[in-house]
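Peer 1: How does the following fold in three dimensions:
(one chain, ligands or ions: 1)
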Amino acid sequence: MSRPVYLIDGARTPFLKARGRPGPFTPVDLAVQCGRPLLMRQPFDASAFDLVILGCVNVIQDEMNPARVAALRLGLGEDQVAFTVQINCGSGMQSIDTAFRYIREGSHEIVLAGGTEALSHAPLVYNREATEWFGEMNRAQGPLDKAKAFTDVRPDFFSPVIGLERGLTDPITSLNMGQTAEVLAHRFGIERATADAYAVESHKRLAAAQEQGRLDGEVLPAFGRDGSTHRHDDGVRPNSSIEKLAKLDPAFEKPWGKVTPGNASQITDGASWVILASETAIEAHGLTPIARLVDSEWSALDPAIMGLAPVTAATPLAQRHGLDCDDIDLWEINEAFAVQVLACLAAWQDDDFCRDVLGYDSAFGRIDRGRLNVDGGAISLGHPVGTSGNRIVLHLANAMKARGVRRGIATECIGGGQGGAMLLEAA
Ligand SMILES: CC(=O)SCCNC(=O)CCNC(=O)[C@H](O)C(C)(C)COP(=O)(O)OP(=O)(O)OC[C@H]1O[C@@H](n2cnc3c(N)ncnc32)[C@H](O)[C@@H]1OP(=O)(O)O
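Peer 2: Numbering: from 1, shown residues only. Next up, the predicted model:
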């Protein structure tokens with residue numbers, strides 16, 4: 001069976017910059033913050049959902065299977081099945097794709113699919129030697145053995161493993177994500193000034209979208225237990241300039257690197273949900289879709305050049321539907337790094353790359369910046385890794401509707417050398 005699948009509605013929290021200490025919300029808190037008002041504005045009862053799927057990369061110990069914890073806290077009922085998916089930065093898109101396939105194939109009618117991430121809550125973990133020592137202490141019988149174990153304590157037991165640093169490092173190549181972006185900058189000759197100009201534009205577009213109300217209804221306020229209210233993505237710097245960015249030092253490869261804090265995605269907390277439904281559910285509940293999900297594609301490549309995966313995922317997807325570059329009215333390409341997005345744009349225009357890597361006769365084409373990330377991206381609004389794939393699909397649907405255009409692709413690179421892409425059409 002192959003039924004049409006529609007995106008009905010969706011919402012996210014403001015994306016909140018991680019500021020070196022745990023932020024006000026855990027992953028499930030974030031999912032509940034935007035999930036509750038989203039469900040309250042639906043004309044159907046929350047018990048109507050057939051399934052809840054939530055992407056999350058860094059699950060915290062108190063919230064194992066965050067999808068289930070969020071579903072219960074959202075009042076979806078004890079009989080609601082909910083599972084969590086993890087494919088690094090693709091997790092929030094994976095939840096949508098899984099829901100899309102279930103509905104398309106006819107086993108489900110209406111599914112809540114989201115992504116959540118609180119990078120500010122990434123754990124500090126004891127190192128291996130300390131963990132072994134705790135085991136020794138546990139096994140020690142009686143005070144004498146325990147006293148002996150104490151004599152084995154070493155000062156370096158107390159230098160923790162920083163979960164965030166490890167999580168953003170590829171375990172196969174040992175390159176961190178920023179270094180993989182540097183590989184692409186070198187391969188495609190991306191200049192620092194071009195990357196900085198791209199980043200400045202990202203901030204300007206997000207600031208304009210916030211000011212002109214284009215995120216209203218998509219971004220819902222979040223309320224901290226400390227009484228704080230968070231209404232907007234707080235990493236935006238409307239006054240950012242190429243001159244200011246030029247002064248920043250490289251973050252990952254000193255002194256020659258092109259990636260700086262100004263042209264990299266920000267480390268951020270945030271959650272996003274979308275509601276997907278079949279035509280049966282649309283009729284049953286009187287719903288009005290925002291967009292139709294047409295198809296999806298996942299790809300894999302060398303982890304050291306993971307940033308090119310939007311090219312290897314989105315191009316076959318477009319071509320499967322007979323679509324050329326110009327047929328896509330809007331693109332959302334997750335801005336892991338400015339140089340990484342620019343490398344994708346360069347690869348799409350490169351005859352040799354498209355022939356050798358994608359097996360096409362010639363280049364895919366030039367993506368007009370006017371069609372790409374029209375309201376900013378992860379450089380300006382941040383990149384809660386398990387959430388971003390969900391956000392770009394949701395925002396693409398809203399932006400397509402607002403501009404009255406027909407087709408869009410949301411695509412992203414995924415740490416570990418993978419990529420995801422989804423094709424949407426006007427409903
Ligand atoms: C598959 C994938 O998606 S891979 C991607 C996964 N994600 C990542 O790898 C995360 C990448 N990003 C990072 O690791 C971090 O953001 C880093 C290391 C690049 C920078 O971290 P930080 O040093 O904490 O950056 P931070 O944003 O605080 O900026 C540091 C300083 O740079 C300057 N700065 C940053 N952005 C700007 C800007 N747009 N304009 C002017 N100054 C700026 C400021 O002085 C800022 O300090 P301030 O906030 O006190 O004013």
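
Peer 1: Get me the contact residues on this structure for the ligand.
Peer 2: 89, 168, 177-178, 203, 237, 240, 244-245, 248, 251, 261-262, 264-267, 306, 336, 383, 385, 413-415 (CB under 6 Å from any ligand atom). In this view, the C-beta of every residue, glycine as well, is placed from N, C-alpha and C.

Peer 1: now these: which count as buried?
Peer 2: Buried subset of the residues of the chain next to the ligand (neighbour count, 16 or more other CB atoms under 10 Å): 89, 168, 177-178, 203, 237, 240, 245, 251, 262, 264-267, 306, 336, 383, 385, 413-415.

Peer 1: From those, which land in helices?
Peer 2: Residues of these located in helices (DSSP state H): 177-178, 203, 245.

Peer 1: Spell out which residues sit in contact with the nearest residue to residue 18 once chain neighbours are set aside, please.
Peer 2: Nearest residue to residue 18, sequence neighbours excluded (CB to CB, 6 or more residues apart in numbering): residue 120, at 3.6 Å. If a contact means CB atoms under 8 Å, 6 or more residues apart in numbering, then residue 120 has 16, 18-23, 267, 269 as its contacts.

Peer 1: give me that answer again for 6 Å
Peer 2: 18, 22-23, 269 (CB atoms under 6 Å, 6 or more residues apart in numbering).

Peer 1: who wins for neighbours among those?
Peer 2: residue 269 (30 neighbours; other CB atoms under 10 Å).

Peer 1: can I assume that one is in contact with residue 24?
Peer 2: No: the criterion here is CB atoms under 6 Å, and residue 269 misses it with residue 24 at 8.3 Å.

Peer 1: Correct me if wrong, but residue 347 is in a helix.
Peer 2: Yes: counting by DSSP: H, G, I helix; E, B strand; the rest coil, residue 347 is located in a helix.

Peer 1: burial count for it?
Peer 2: 25.

Peer 1: Next, the contact list for it, please.
Peer 2: 308, 311, 353.

Peer 1: The ligand: which of those residues is nearest?
Peer 2: Of all the contacts of residue 347, the ligand sits closest to residue 308, with 11.1 Å by CB to the nearest ligand atom.

Peer 1: what number of residues lie near that closest one?
Peer 2: Residues lying near residue 308 (other CB under 10 Å) number 27.

Peer 1: cool, and residue 273?
Peer 2: 29.

Peer 1: and it, what helix or strand is that in?
Peer 2: Using DSSP states H and E, residue 273 sits within strand 268-277.

Peer 1: what's in contact with that strand?
Peer 2: Counting by CB under 6 Å, 6+ apart, 5-10, 12-13, 15-17, 23, 30-31, 34-35, 38, 99, 103, 110-116, 118, 120, 382-384, 387, 390-391, 394 sit against strand 268-277.
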